[in-house]
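[1] coordinates only, no sequence provided:
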């Protein structure tokens, strides 16, 4: 990226992911990729890019720290309320009290560009094998491009203040080469989208000429063509490209249908990959995606589901309610004499550890449920109430036993889709961004302080970290208000 501190001093991550285990290996190549001497070396280097998503500043977390693209958007918004069990680690976010010197914001910036660096090491050098082994080169390069695009898009979600596809407001530096001495400018949001879409579409083209499938069996450990469609769908919704959102969600939905209701709970214990496009793989000791909300090893619930939101679920018939929430006794170990409380248990443990939950479970980055909600929102925003309603009713019927389809249109339908998105995707990295991209107000129910964030407030957009500005004057301007 822009400085040796942020990008240049870290070697490519050296662990090998499979859908079941992680093996430690010694890196056999240099920092810049010039000594990657075989296709196998590139496979390992690509794995280094994937492992970056497990960072505690990306999808992972420790007891009360970060989780920037998993549960933090719920802490930042109105889906969770801070409890008396809080250690205060995320209070700077739940109270919108951050500034340009906030360490966790800096760490998120670093974590994403670290992934991008690893992806660029692969993408910049793999072509030398395109003649010798074109199928393998295509497969590896395609994933590196998709990873690069996703990490840049995620950075945009926090660090730009206008998501429109043609916005000329400052974006984030889109880094396509490995060079830790470069000091790039921000460019515009439109520039970023151009790069993101080009990388994703090139990835899809390359994936049509591979030596073998990216994922095998039920594994969803790697980004394949279906996952690329899901990324494109999400990006299209944010950028207000509604026809593209419908196009890519339809491709994704046709490839992976919604999970049967009886299977849905198994998704959250990694007993099934039904309706999952891509999961970031976690194993013991590698972080816990939801631990800043509820961490079972300490039995600490720092942020609990908002009670008003909980009332919108059918607690008896909605399979999401029992899959996402659980009543736990207070204390560690649990003390029956203390009052119980409902916690968000979506990331309690893998199936084998449910008897002794450790909070470690794969993070489902893209699911079919989200695709139905993207398409429904795109339809209703285009004025197509019929198709929007059909998608809403289809999703609800898959989740709620005995569901009776409703008839809605216009604002009522739009509101219903927004609520369903909030219920379906809690603690999957969406709520703060959903409110931001639709210019709504955060208004926390059951709240006594720090309850409202208006559409014009600066805190919707994170500041460019001050150490980055100190190292790279080209990255100015800073975001408004900082």
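    Yes, it's here. These numbers come from a predicted model, not from an experiment. Numbering: from 1, shown residues only.

[2] so residue 475 touches residue 464, yeah?
    Yes - between residue 475 and residue 464 there is a contact at 6.0 Å, judged by C-beta atoms under 8 Å. All C-beta spots, glycine's among them, are computed from the backbone N, C-alpha and C.

[3] neighbour-wise, which of those two wins?
    residue 464 (24 against 21; other C-beta atoms under 10 Å).

[4] contacts only, for the more buried one.
    Residue 464 makes contact with 100, 109, 159, 475, 478-479, 482, according to C-beta atoms under 8 Å, 6 or more residues apart in numbering.

[5] pLDDT for the residues you listed - can I get that in a markdown table?
    Shown next, in a markdown table, are the contacts of residue 464 (pLDDT from 0 to 100):
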| residue | pLDDT |
| --- | --- |
| 100 | 96 |
| 109 | 97 |
| 159 | 98 |
| 475 | 96 |
| 478 | 97 |
| 479 | 97 |
| 482 | 96 |
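
[6] count the neighbours of the spatially closest residue to residue 430 that is not a sequence neighbour for me.
    Once flanking residues are discounted, residue 430 sits nearest to residue 73: 6.1 Å by C-beta to C-beta, 6 or more residues apart in numbering. Neighbours of residue 73 under the rule other C-beta under 10 Å: 27.

[7] so who does residue 405 touch?
    By C-beta under 8 Å, 6+ apart, the residues touching residue 405 are 393, 396-397.

[8] residue 98 too?
    92, 104-105, 459, 462-463.

[9] next: residue 474.
    183-185.

[10] now name the helix or strand holding the residue nearest to residue 430.
    Per DSSP states H and E, residue 73 falls inside helix 72-75.

[11] tell me what that helix is packed against?
    helix 91-94, helix 431-437 (3 or more C-beta pairs under 8 Å, 6 or more residues apart in numbering; DSSP states H and E).

[12] I'd like to know which of those helices is closest to residue 214.
    Evaluated with C-beta to C-beta, the helices and strands packed on helix 72-75 place helix 431-437 nearest to residue 214, the distance being 27.1 Å.

[13] contacts for that closest one?
    Contacts for helix 431-437 (C-beta under 8 Å, 6+ apart): 72-74, 76-79, 157, 163, 237-238, 418, 421-422, 425, 441-442, 460.

[14] now the strands: where do they sit in the chain?
    For the chain, applying DSSP state E gives strands covering 15-17, 22-24, 61-62, 65-66, 80-82, 276-280, 294-295, 300-301, 303-305, 325-329, 340-344, 363-367, 442-443, 452-453.

[15] pLDDT averaged over the third one - what is it?
    Right, the one you point to is strand 61-62. Per-residue pLDDT over strand 61-62 has a mean of 74.

[16] what sits opposite residue 366 in the beta ladder?
    residue 278 (DSSP bridges).

[17] mind starting the numbering at 54 from now?
    In the new count, where the first residue is 54, that last one comes out as residue 419.

[18] and of the contacts of residue 517, the nearest to residue 440?
    residue 212 (33.7 Å).

[19] the closest one and residue 535, how far apart?
    Distance, residue 212 to residue 535, using C-beta to C-beta, to the nearest Å: 11 Å.

[20] ok, these two, which is more surrounded?
    Comparing residue 212 with residue 535 by neighbour count (other C-beta under 10 Å), the higher total belongs to residue 212, at 21 against 17.

[21] what residues does that one make contact with?
    With C-beta under 8 Å, 6+ apart, residue 212 has these contacts: 162, 225, 514-515, 517, 532.

[22] quick one, helices of the stretch 104-253 of the chain?
    125-128, 144-147, 156-176, 187-212, 242-259 (DSSP state H, counting those that start in this stretch).

[23] neighbouring contacts of the first one?
    Spelled out, that is helix 125-128. Applying C-beta under 8 Å, 6+ apart, the contact partners of helix 125-128 are 119, 133, 135, 143, 146-147, 345-346, 356, 479-480, 482-486.

[24] for the last one, same thing?
    Counting by C-beta under 8 Å, 6+ apart, the neighbours of helix 242-259 from elsewhere in the structure are 191-192, 194-196, 198-199, 201-202, 205-206, 209, 213, 215-225, 227, 229, 278, 281-282, 284-285, 288, 292.

[25] swap in 7 Å and give it another go.
    Outside helix 242-259, the residues that touch it by C-beta atoms under 7 Å, 6 or more residues apart in numbering are 191, 194-195, 198-199, 201-202, 205-206, 209, 213, 215, 218-222, 224-225, 227, 278, 281, 284-285, 288, 292.

[26] now the contacts of residue 458: which count as buried?
    446, 449 (16 or more other C-beta atoms under 10 Å).

[27] tell me the one of the contacts of residue 458 nearest residue 402?
    Minimum distance to residue 402 across the contacts of residue 458 is 27.9 Å, recorded for residue 449 (C-beta to C-beta).
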